[in-house]
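Enquirer: Pasted the sequence and its predicted model underneath.
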Amino acid sequence: MSKREDILIIGGGVIGVCTAYYLAERGWTVTLVEKDDIGAGCSYGNAGLIVPSHAIPLAAPGALTQGLKWLLDPDSPFYIKPRFDLELFRWLWRFRAACKEGPMRRAIPVLLALGRASVELFEELAASNDLEFGYEQKGWLWLFNSQRGFEKGIEEAHLLQEFGVVSQVLDAAGIRRMELSVTPSVIGGIYYPEDAHLIPDRFVRELARLAESRGACLKTATEVLGFETTSRRISAVVTTRGNFKPDQVVLATGAWSPVVARELRLRLPIQAAKGYSITVKTPPTRPHVPLYLSESRVAVTPMGELLRFGGTLELVGLDLSINRRRVAAISQAAREYLSGMTGLELIEIWRGLRSVSPDGLPIIGRSKSLENLIVASGHGMLGMSLGPITGKLVSQILSGEAPAIDLTPLRVERFS
Ligand SMILES: Cc1cc2nc3c(=O)[nH]c(=O)nc-3n(C[C@H](O)[C@H](O)[C@H](O)COP(=O)(O)OP(=O)(O)OC[C@H]3O[C@@H](n4cnc5c(N)ncnc54)[C@H](O)[C@@H]3O)c2cc1C
């Protein structure tokens, strides 16, 4: 089997599906191939937070010291599996270089611009009668149960204010006026009103349906095995369901991107970072706004009838096993910060692999080494938030338009 397509997108997560949608909307002939099912990767069980305020990258001053402390604690939200892996060492070296004031300050306005542009697109999509994905803009409330954590949170809020992010610092009484479900251990909070939330798997499925109705062809259970190249072009994409001969290829395979890119002799400095979520039936004393249990790094998101807790970052390669101790630590954090969190009806424990770049910025753009390859990966903790703007930017690159946002800081070869 051999077909000619205009554009082939590899990966059916939020990034691939948003790209398919914006390209199909512009009339491109689009095929998306996904090895599993649409939205079955990291885009399925994440916390669903759409958070332009979360613009301080993971690589920030102090992140290394904090990470080293956490490494010694098996209940902490961070872990690196000890192993001899040159790619991991290179990644950690670059991460270390990015954990400085200068790179962090350069990354903040980039993430903020991407986040805000994405929110506008989410609003457009939510306003259309064609889609329903539980989108609500109720802000995001960070809770603190230690003075040190609260002070650090206030420092971060002040830093973000310098870049125009609005926030409100609340004392214990202020928190209780906003959110009755907190325990007495919570001493303060910071509210970010700009942020929103949605039901992630529903968003991806609904947008995939809309992309198909605009003519995109989505092929599930189709795994990319390799490529054929001639001079500096991909001439064929080899899959478990035959070869495709697209004009252009978009690589949107999230945490698997370095593995797929290796087949093209392209080195992408991306590490898979595993996280967990626990979804329960909404208890009577449910939180009304999305929360962040700051010291424990756990996000809490109301999703209609369901409530989801998400957290943990484990650099363990593509290992999808579930560490029950860390899952238990997420439940324990919920009980520490929130009342009524015992005897909950479990719906699902889930794990997913984020694709994390060393500088905390996604990798979006044309590859220099292969002229018909576009990479859209490395979205880290923000892939759900940045899905629509990434899809839009890729559609602009392919259409030869000036991108809505300067892509220089996101370019593929910036690490080489
Ligand atoms: C616990 C947790 C909570 C999170 N919470 C949030 C949040 O609140 N807000 C936010 O913005 N982000 C959040 N994230 C991050 C977000 O989930 C990811 O950044 C986002 O889902 C990445 O989307 P993606 O499309 O790049 O990857 P994925 O959704 O993983 O999609 C990649 C797809 O590529 C497919 N694929 C891989 N290899 C091949 C191949 N060879 N051939 C064909 N297909 C292939 C995979 O099967 C997969 O479906 C969270 C992540 C975790 C783990």
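Expert: Sure, I can see it.
Enquirer: Tell me the residues of the stretch 251-400 of the chain that contact the ligand?
Expert: Residues of the stretch 251-400 of the chain lying close to the ligand by C-beta under 6 Å from any ligand atom are 252-256, 260, 275-277, 299, 310, 352, 354-355, 377, 379, 381-385. Using the backbone N, CA and C atoms, a C-beta is placed for each residue, glycine as well.
Enquirer: Swap in 5 Å and give it another go.
Expert: 253-254, 256, 275, 277, 310, 352, 354, 379, 382-385 (C-beta under 5 Å from any ligand atom).
Enquirer: Just give me the closest of these to residue 143.
Expert: Residue 143 has its nearest neighbour among those in residue 310, at 14.9 Å by C-beta to C-beta.
Enquirer: That closest one and residue 294, how far apart?
Expert: For residue 310, the distance to residue 294 (C-beta to C-beta, to the nearest Å) stands at 14 Å.
Enquirer: And for residue 356?
Expert: Relative to residue 294, and taking C-beta to C-beta, residue 356 is found at 20 Å.
Enquirer: For residue 341, see how far away residue 254 is.
Expert: Distance from residue 254 to residue 341, by C-beta to C-beta: 31 Å.
Enquirer: again, but for residue 169
Expert: Taking C-beta to C-beta, one finds residue 169 at 25 Å from residue 341.
Enquirer: cool, and residue 187?
Expert: Taking C-beta to C-beta as the measure, residue 187 falls 18 Å from residue 341.
Enquirer: now do residue 103
Expert: Distance of residue 103 to residue 341, computed by C-beta to C-beta: 38 Å.
Enquirer: And these two? Which one has more around it.
Expert: Legend: neighbour count by other C-beta atoms under 10 Å for residue 103 and residue 341, higher for residue 341 (23 against 19).
Enquirer: these two touch, right, that one and residue 283?
Expert: Yes - the pair residue 341 / residue 283 is scored as a contact, 7.1 Å apart, by C-beta atoms under 8 Å.
Enquirer: which parts of the stretch 101-250 of the chain sit against the ligand?
Expert: So far as C-beta under 5 Å from any ligand atom goes, the stretch 101-250 of the chain lies against the ligand at 223, 224.
Enquirer: Tell me, how many residues neighbour whichever residue of the stretch 101-250 of the chain sits closest to the ligand?
Expert: Nearest residue of the stretch 101-250 of the chain to the ligand (C-beta to the nearest ligand atom) works out as residue 224 at 3.7 Å. Neighbourhood size, residue 224 [other C-beta under 10 Å]: 23.
Enquirer: Residue 101 now?
Expert: 10.
Enquirer: One more: residue 191?
Expert: Neighbours of residue 191 using other C-beta under 10 Å come to 21.
Enquirer: secondary structure element for it?
Expert: strand 188-192 (DSSP states H and E).
Enquirer: by contact count, what packs against that strand?
Expert: Counting contacts by 3 or more C-beta pairs under 8 Å, 6 or more residues apart in numbering; DSSP states H and E, strand 188-192 packs against strand 140-144, helix 147-162, strand 168-171, helix 172-178.
Enquirer: Let's see that with 10 Å instead.
Expert: Judged by 3 or more C-beta pairs under 10 Å, 6 or more residues apart in numbering; DSSP states H and E, strand 188-192 is in contact with strand 140-144, helix 147-162, strand 168-171, helix 172-178, strand 291-293.
Enquirer: and the helix or strand where residue 249 lies, how far from the chain's centre?
Expert: Element membership for residue 249, per DSSP H and E: strand 242-251. Chain-centre distance of strand 242-251: 25 Å, with C-alpha atoms, centre = their mean, to the nearest Å.
Enquirer: Can you show me the CA trace of it as PDB?
Expert: Provided in PDB are the C-alpha atoms of strand 242-251 (Å, rounded to 0.1, in the frame of the first residue of the first chain):
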ATOM      1  CA  GLY A 242       1.800   0.300   5.000                       C
ATOM      2  CA  ASN A 243       3.900   3.100   3.700                       C
ATOM      3  CA  PHE A 244       2.700   6.700   3.400                       C
ATOM      4  CA  LYS A 245       4.300   9.300   1.000                       C
ATOM      5  CA  PRO A 246       3.300  12.700   2.400                       C
ATOM      6  CA  ASP A 247       4.600  16.000   1.200                       C
ATOM      7  CA  GLN A 248       5.100  17.200   4.800                       C
ATOM      8  CA  VAL A 249       5.400  15.300   8.100                       C
ATOM      9  CA  VAL A 250       4.500  16.600  11.600                       C
ATOM     10  CA  LEU A 251       6.100  14.800  14.500                       C
END
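Enquirer: so what does it touch, helix or strand wise?
Expert: strand 2-10, helix 14-25, strand 30-33, strand 224-230, strand 233-239, helix 257-262, strand 373-377, helix 383-398.
Enquirer: Pick the most buried one from these.
Expert: helix 14-25 (a mean of 29; mean count of other C-beta atoms under 10 Å).
Enquirer: any idea of the angle that helix forms with strand 242-251?
Expert: When axes from the mean of the first three to the mean of the last three C-alpha atoms, to 10 degrees is applied, the directions of helix 14-25 and strand 242-251 differ by 100 degrees.
Enquirer: Wondering if helix 14-25 reaches the ligand at all.
Expert: Yes - using C-beta under 5 Å from any ligand atom, helix 14-25 reaches the ligand at 14, 15.
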